[in-house]
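Trainee: show me how the following folds:
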Amino acid sequence: MPLRKVSAFQAALVTGFTGLAAFMILPIVFIINHAFKPQNELFLFPPRFLVQNPTMRNFESLFLHASNATVPFTRYLFNSLIVAALTLVCVIVVSTMAGYVLAKYQFHFKGLILSMITLSLMFAPETVGIPRYLIISGIGINNTYFGHILPALASPVAVFMLVGFISQIPNELLEAAKIDGAGHFGIFARIVMPLSVPAIATISIFTFQGVWGDVETSTLFMQEETMRTLAFYVNSLLSGLQNSVSGQNMAAAAGLLMFVPNLVIFLLFQKRVLETMVHSGIK
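Mentor: Okay, here's the model as predicted:
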């Protein structure tokens, strides 16, 4: 098979985007290298981008620092994993159901509900901090995993995105399923959910990033240290090490631990994110 001839424009385009991709990956390379730098390399001037003598002592210091505290490091990590996983599942189920109903059914006050969802996108999380605290305290779920999950359960971004995506699924496909005897739940589980996978992957990334780095719930709703998350611990650690030269190695290691899960989730779902942008609800 003869090789395809590449034009000068295509070559320039590939070269330009390759250079741009290499430039965009530099912060990731720096974060990884910075976490493995020994203490003397952290304060070199001019600073080195790549580590010369990598060491695991930064992580050892971080774990030893946590082991001397009342709550071990593994407890914070376990809480973060449980909260992130449960929140992700709940947000996907609730948002997809809401998106399906709002996109494919007609009922009273539908326009008002959609307007309220759109309006809620304008509010920063800080503006609803007090109402959230009153609700969480009022129903008595402080110091529980549900107290972590409930504030993130209503996700206007996820519902808004899914309404737009599910509305592209042809009504004829749903009607054909009804003729074949499928009920509302069967249509949702067998047709809507599979066709909405690209949008679900996108909201999964947004939800995980928000929950994994969230410190508000641990600060406001959790009074017991054993119910707080890794993000809260790392934030408290970094706040205490801001003026400490000896603690910068632990801060570098903690920063990498918080960054890696976000990177892994994005790499797993990035293909689906692109499909959300370029494909309709059905292929």
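Trainee: quick one, helices of the stretch 151-283 of the chain?
Mentor: Remark: helices assigned in the stretch 151-283 of the chain by DSSP state H, counting those that start in this stretch are 156-166, 171-179, 184-187, 193-195, 197-212, 216-220, 230-240, 248-278.
Trainee: got JSON lines for these, with mean neighbour count and mean pLDDT too?
Mentor: Yep, even glycine has a C-beta here, placed from its N, CA and C like the rest. Shown next, in JSON lines, are these (neighbours: other Cβ atoms under 10 Å; pLDDT from 0 to 100):
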{"stretch": "helix 156-166", "mean neighbour count": "21", "mean pLDDT": "88"}
{"stretch": "helix 171-179", "mean neighbour count": "12", "mean pLDDT": "86"}
{"stretch": "helix 184-187", "mean neighbour count": "14", "mean pLDDT": "86"}
{"stretch": "helix 193-195", "mean neighbour count": "16", "mean pLDDT": "87"}
{"stretch": "helix 197-212", "mean neighbour count": "21", "mean pLDDT": "88"}
{"stretch": "helix 216-220", "mean neighbour count": "19", "mean pLDDT": "87"}
{"stretch": "helix 230-240", "mean neighbour count": "18", "mean pLDDT": "79"}
{"stretch": "helix 248-278", "mean neighbour count": "16", "mean pLDDT": "77"}
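Trainee: could you dump these to a markdown table with distance to A98?
Mentor: Shown next, in a markdown table, are the helices of the stretch 151-283 of the chain (distance: least, Cβ to Cβ, whole Å):
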| stretch | distance to A98 |
| --- | --- |
| helix 156-166 | 5 |
| helix 171-179 | 17 |
| helix 184-187 | 14 |
| helix 193-195 | 13 |
| helix 197-212 | 12 |
| helix 216-220 | 22 |
| helix 230-240 | 27 |
| helix 248-278 | 18 |
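Trainee: out of the ones you listed, which is closest to Q10?
Mentor: helix 248-278 (20.3 Å; Cβ to Cβ).
Trainee: look up how far M258 lies from L238.
Mentor: 10 Å (Cβ to Cβ, to the nearest Å).
Trainee: the protein - how does it break down into domains?
Mentor: Segmentation of the chain into domains, based on automatic domain parsing, reads 9-42, 62-278.
Trainee: buried set for the shortest one?
Mentor: In other words, domain 9-42. Buried residues in domain 9-42, counting neighbours by 16 or more other Cβ atoms under 10 Å, are found at I31, I32, N33, H34, A35, F36, K37, E41, L42.
Trainee: show me these that map onto helices.
Mentor: I31, I32, N33, H34, A35, E41, L42 (DSSP state H).
Trainee: which residues touch the first one?
Mentor: Looking back up the chat, that one is I31. G255, L256, F259 (Cβ atoms under 8 Å, 6 or more residues apart in numbering).
Trainee: please repeat the previous calculation with a cut-off of 6 Å.
Mentor: Going by Cβ atoms under 6 Å, 6 or more residues apart in numbering, I31 touches L256, F259.
Trainee: what's the spacing between it and E60?
Mentor: Distance from I31 to E60, by Cβ to Cβ: 19 Å.
Trainee: residues near S95, how many?
Mentor: Other residues lying near S95 total 26 when counted by other Cβ atoms under 10 Å.
Trainee: where does it sit, in terms of helix or strand?
Mentor: Per DSSP states H and E: S95 is located in helix 73-104.
Trainee: counting contacts, what elements does the helix or strand following that helix pack onto?
Mentor: Downstream of helix 73-104, the next assigned helix or strand under DSSP H and E is helix 110-120. Helix 110-120 is packed against helix 156-166, with contacts defined by 3 or more Cβ pairs under 6 Å, 6 or more residues apart in numbering; DSSP states H and E.
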